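Chemist: Pasting the sequence and the predicted coordinates here, then a few questions.
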Amino acid sequence: MLRRLIVIVTAAMLFSSSLTLAQTKKPTPPDRFPPSPLEITTPDPLLPRLPKDKQRLTLQEQQKLEPALDALNQEGAAKLQAGDQVAAFEIWNRELRLRRFLGSLAEVQALSRVGAIAWQQNDGQEVQYITQRLQAIQKQAQSQKKTAQIDLELWRSLGEAYQNVRSPKLAVEAYDQVLLVVREQKNTTAVVENLKIIGELHLSWFDYPKAAPIYEELLGLATSQGERVNEVTYLKRLAYIYEQTKQPQQSLNVLNKLAEIYINENNLTEIPELKLAIASNYESLATENPNLLLEAFNNYQEAYITAWQLQEYVRAGEALQKLIALYRSQGQTDEALQASQILVQTEAQAANFYGLMQAYDQIGQLYLEHKEFPQALTAFQKGLEIAQQLKHQEAYFTGQIEKVSKANL
């Protein structure tokens, strides 16, 4: 019995010590991400010796290696065309490992090319490998710029490469580096070029708050240099940005400048749409400042008048609808009724029968508010005639006619 007890105690002690050992030795986490194929250091037949600084080859070695790498690129493309995507990227990764020995610029340009293909082929892992390598090159370039002049071509290539792998924030970082230098050099052409790239990057990823100051600067440069075409382009971009970010005052500033340019150039075709947008912004601002409602009315009227003169009857009808809604919101039913009568003529000119039917409905409702039942009945009957032609909302107009007929008794 004693012997058996000793065995049990000994076993328990052994189990306890093994448990303690297991707890002190942390298990190795599983390898969630396989190592990047771009970081493999196995010797390659195309590069029998590694250069001493692991970066540069002699000119003769570079001249020998470069055509061999171009051949690898073509081989990868052929594999992809044949449908063997795995083999294609294995070849391209080998090419990319060796490209780094031709210098950072050559490597970035190759990474950019393969990265674009990886994105098109929906190969997320390859895109990740390439992005990581680009970041490593960027980090190295950043450390070097403290002691040497920045390599603008390298940073531009980094920006383009990041665009190809759809990393807009990293692309902007790269172009920002270029922008800093060309600003110092007072190279206005290069400044504009880089601002346009950065602006488009922000817009392509719907980052409107960051896009706005870029286009404001571009607008200022275009205005100061008298570049009217570019000025209009940037004003349109800003109008879109401020519309998306719901900033009516900023939007008004831009739209009024655009309207002024078009009026000065006698380009009236753009005015109706602009005036509609201007009026809408005044209407938004009128919630805090009711005095601005008059500006909204005036601009809707200008939009209608100009559209009618240009025989743009659909646009004219749109302006009248906005004007009528604004009149009704202010309790100005007489003015709304007057505008609705004009709307009937406008929709008839536009041959917009659905709009015409709605205009008669609107007139009928306004007469009902005035308790002018015969006029309301006439409007609903005309609306029913069009509804029967369109085979749409016939029951609705029939119901309205019955309702008015009973009220008129």
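Modeler: Ah, there it is. Since this is a predicted model, take the numbers as computed values, not measurements. Numbers count the residues shown, from 1 in each chain.

Chemist: can we go C-alpha only for contacts and neighbour counts from here?
Modeler: Noted.

Chemist: pLDDT below threshold where in the stretch 51-200 of the chain?
Modeler: 51-56, 145-149 (pLDDT under 70).

Chemist: just the helices in it please.
Modeler: Taking DSSP state H, counting those that start in this stretch as the criterion, the stretch 51-200 of the chain contains helices spanning 59-81, 85-99, 104-120, 124-144, 152-164, 168-184, 188-204.

Chemist: Can you work out which other helices and strands pack against the fifth one?
Modeler: Pointing back at helix 152-164 there. Judged by 3 or more C-alpha pairs under 8 Å, 6 or more residues apart in numbering; DSSP states H and E, the packing partners of helix 152-164 are helix 104-120, helix 124-144, helix 168-184.

Chemist: so which of those is the most packed in?
Modeler: Per residue and on average, the most neighbours among the helices and strands packed on helix 152-164 fall to helix 104-120, with a mean of 21 (mean count of other C-alpha atoms under 10 Å).

Chemist: What is it packed up against?
Modeler: With contacts taken as 3+ C-alpha pairs under 8 Å, 6+ apart, helix 104-120 sits against helix 85-99, helix 124-144, helix 152-164.

Chemist: List of residues touching the second one?
Modeler: What it means is helix 124-144. 36-38, 104, 108, 111, 115, 118-119, 150, 155, 158, 161-162, 165 (C-alpha atoms under 8 Å, 6 or more residues apart in numbering).

Chemist: what's the burial count for the nearest residue to residue 270 once chain neighbours are set aside?
Modeler: Using C-alpha to C-alpha, 6 or more residues apart in numbering and skipping residues adjacent in sequence, the residue nearest residue 270 is residue 262, 7.1 Å away. As a burial measure, residue 262 scores 17 neighbours (other C-alpha atoms under 10 Å).

Chemist: Going forward, count from 11.
Modeler: Will do, 11 is the new start, and the previous item becomes residue 272.

Chemist: pretty sure residue 272 is touching residue 283, no?
Modeler: No. If you go by C-alpha atoms under 8 Å, residue 272 and residue 283 don't touch, sitting 11.8 Å apart.

Chemist: need the contact list for the residue lying closest to residue 360 once chain neighbours are set aside.
Modeler: Leaving aside its sequence neighbours, residue 360 sits nearest to residue 323 (C-alpha to C-alpha, 6+ apart; 5.1 Å). Contacts here follow C-alpha under 8 Å, 6+ apart; on that basis residue 323 touches 317, 356, 357, 359, 360.

Chemist: how near is residue 323 to residue 283?
Modeler: Residue 323 sits 12 Å away from residue 283, going by C-alpha to C-alpha, to the nearest Å.

Chemist: repeat for residue 195
Modeler: For residue 195, the distance to residue 283 - C-alpha to C-alpha - is 42 Å.

Chemist: Neighbour count: those two, which is higher?
Modeler: More crowded of residue 195 and residue 283, by other C-alpha under 10 Å: residue 283, with 19 against 11.

Chemist: Could you find the closest non-adjacent residue to that one?
Modeler: Residue 283's closest residue in space is residue 313 (C-alpha to C-alpha, 6+ apart), at 7.0 Å.

Chemist: Isn't that neighbour up against residue 278?
Modeler: No. With contacts counted by C-alpha under 8 Å, residue 313 stays clear of residue 278, the gap being 10.3 Å.

Chemist: Quick one: low-confidence residue ranges for the stretch 311-419 of the chain.
Modeler: 418-419.

Chemist: ranges for the strands of it?
Modeler: Using DSSP state E, counting those that start in this stretch, no strands are found in the stretch 311-419 of the chain.

Chemist: which residues of it fall in helices?
Modeler: Using DSSP H, counting those that start in this stretch, the helices of the stretch 311-419 of the chain run over residues 323-339, 343-359, 363-379, 383-400, 404-417.

Chemist: Quick one: residues contacting residue 272.
Modeler: Residue 272 sits next to 278, 280, 281 when contact means C-alpha under 8 Å, 6+ apart.

Chemist: picking that back up, residue 388 versus the residue nearest to residue 283, what's the distance?
Modeler: Going from residue 313 to residue 388 by C-alpha to C-alpha gives 30 Å.

Chemist: Equivalent analysis for residue 174, please.
Modeler: 64 Å.

Chemist: Residue 313 and residue 278: which is more packed in?
Modeler: Applying other C-alpha under 10 Å to residue 313 and residue 278 shows that residue 313 carries more neighbours, namely 27 against 15.

Chemist: Against residue 355, how distant is the more buried one?
Modeler: From residue 313 over to residue 355 the distance is 16 Å, taken as C-alpha to C-alpha.

Chemist: now do residue 390
Modeler: 16 Å.

Chemist: quick one, which of those two is more surrounded?
Modeler: More crowded of residue 390 and residue 355, by other C-alpha under 10 Å: residue 390, with 28 against 15.

Chemist: Was I right to think the more buried one contacts residue 370?
Modeler: Yes. With contact defined as C-alpha under 8 Å, residue 390 reaches residue 370; the gap is 6.3 Å.

Chemist: before we move on, the earlier item: mind putting the helices of the stretch 61-210 of the chain into CSV with distance to residue 252?
Modeler: CSV is the format used below for these (distance: least, C-alpha to C-alpha, whole Å):
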stretch, distance to residue 252
helix 69-91, 44
helix 95-109, 43
helix 114-130, 32
helix 134-154, 33
helix 162-174, 25
helix 178-194, 21
helix 198-214, 12
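
Chemist: I'd like to know which of these lies nearest to residue 365.
Modeler: Residue 365 lies closest, by C-alpha to C-alpha, to one member of the helices of the stretch 61-210 of the chain: helix 198-214, at 35.7 Å.

Chemist: Figure out how far the closest one is from the centre of its chain.
Modeler: 14 Å (C-alpha atoms, centre = their mean, to the nearest Å).

Chemist: ok and that helix relative to helix 162-174, angle-wise?
Modeler: 20 degrees (axes from the mean of the first three to the mean of the last three C-alpha atoms, to 10 degrees).

Chemist: For the next helix or strand after helix 198-214, which helices and strands make contact with it?
Modeler: From helix 198-214 onward toward the C-terminus, using DSSP states H and E, the following helix or strand is helix 218-234. Helices and strands touching helix 218-234, by 3+ C-alpha pairs under 8 Å, 6+ apart, are helix 198-214, helix 238-254.

Chemist: Fine, thanks again, bye for now.
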